[in-house]
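Asks: No letters, just coordinates:
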């Protein structure tokens, strides 16, 4: 689902206890760009927050970006935690099934079963939180875990080097909590849409298929808030960072790199040389 690319800290926090299943090694070639202006290089990597343990994504190009960069910037730090359980709840909420259309209720039943979360827990959650919980359950059902996610692996790899994040966990939750109810309910609907679930997103990410990711990206109020607005801020940060020499690796959810709000396109529009490496 396109908005799940925006929920780094939340999805990671919810899935910390999950154990990624092993199995035969699966090769992945996540999308990677090099943004440069002569004395500065910003590597831009499309990440995925939860991964099965058998996915090998550190290609030679990614290893080069890691080795050459002295600074890592993520959406949010894997070490940053917010009290999701407390902030997700509200009194007097209608049942989750009453916040969606009758036609969506069979999909909700399946999603609840896959998530392993009790229905009463979801019913007590605000709509944005229930959507995040269902999205995480969808990922965990495939064997994905936060410990294998790109951000967590990179954060460990950059120990001893400069590490930073665009947002704090509580800022991300605050942004979601401030969404109008209709947009929060839209998040639930998208969490129930099998065409926007974790499995198709994972397939597109592994192959670097931006066209597939773009097909589920739309210029909607929800996408504008969760994808477009952050990308505007991040492109501005990268532009300012390009004023100082050095190499930086920026890794953000792959959904930020495709569709009408694509971050590489924003950077190219600012006049930077933007080259897709893989």
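Replies: It's in. Source: prediction; values computed, not measured.
Asks: pLDDT-wise, which helix or strand of this structure ranks last?
Replies: Using mean pLDDT, DSSP states H and E, the weakest-scoring helix or strand in the chain turns out to be helix 8-14, at a mean of 53.
Asks: Please enumerate residues in contact with the helix or strand just after it?
Replies: Counting by DSSP states H and E, the next helix or strand C-terminal to helix 8-14 is strand 26-27. Strand 26-27 is contacted from outside by 52, 54-56, 206, using CB atoms under 8 Å, 6 or more residues apart in numbering. Placement of C-beta: from N, CA and C, glycine included.
Asks: with these in mind, which one is nearest to residue 23?
Replies: residue 54 (4.7 Å; CB to CB).
Asks: separation between that closest one and residue 144?
Replies: According to CB to CB, to the nearest Å, residue 54 and residue 144 sit 11 Å apart.
Asks: So between the two, which is more surrounded?
Replies: Taking neighbours as other CB atoms under 10 Å, residue 54 and residue 144 compare with residue 144 leading, 27 against 14.
Asks: Isn't that one up against residue 50?
Replies: Yes. Counting by CB atoms under 8 Å, residue 144 sits close enough to residue 50 to count as a contact (3.9 Å).
Asks: need the helices for this protein, in chain order.
Replies: Remark: helices assigned in the chain by DSSP state H are 8-14, 60-68, 84-87, 105-115, 119-123, 127-140, 150-157, 169-177, 181-191, 198-207, 210-215, 221-223, 229-241, 263-269.
Asks: Report the angle between the longest one and helix 169-177.
Replies: Right, the one you point to is helix 127-140. 110 degrees (axes from the mean of the first three to the mean of the last three CA atoms, to 10 degrees).
Asks: Could you tell me the end-to-end distance of stretch 212-223?
Replies: End-to-end distance for stretch 212-223, by CA to CA, to the nearest Å: 16 Å.
Asks: can you start the count at 170 instead of 1 from here on
Replies: From this message on, residue numbering opens at 170, which makes the last subject stretch 381-392.
Asks: so how far is residue 244 from the residue lying closest to residue 381 once chain neighbours are set aside?
Replies: What sits nearest to residue 381 in space, not counting adjacent residues and going by CB to CB, 6 or more residues apart in numbering, is residue 373, at 4.0 Å. To residue 244, residue 373 is 19 Å away according to CB to CB.
Asks: circling back to that earlier point, show the contacting residues for the residue nearest to residue 381.
Replies: 379, 381-382, 423.
Asks: pLDDT score for residue 368?
Replies: pLDDT for residue 368: 86.
Asks: List the buried residues of stretch 228-247.
Replies: For stretch 228-247, burial by neighbour count (16 or more other CB atoms under 10 Å) applies to 228, 230-231, 234-235, 238, 240-247.
Asks: nearest to residue 202, of the contacts of strand 195-196?
Replies: Distances from residue 202 to the contacts of strand 195-196, taken by CB to CB, are shortest for residue 375, at 17.2 Å.
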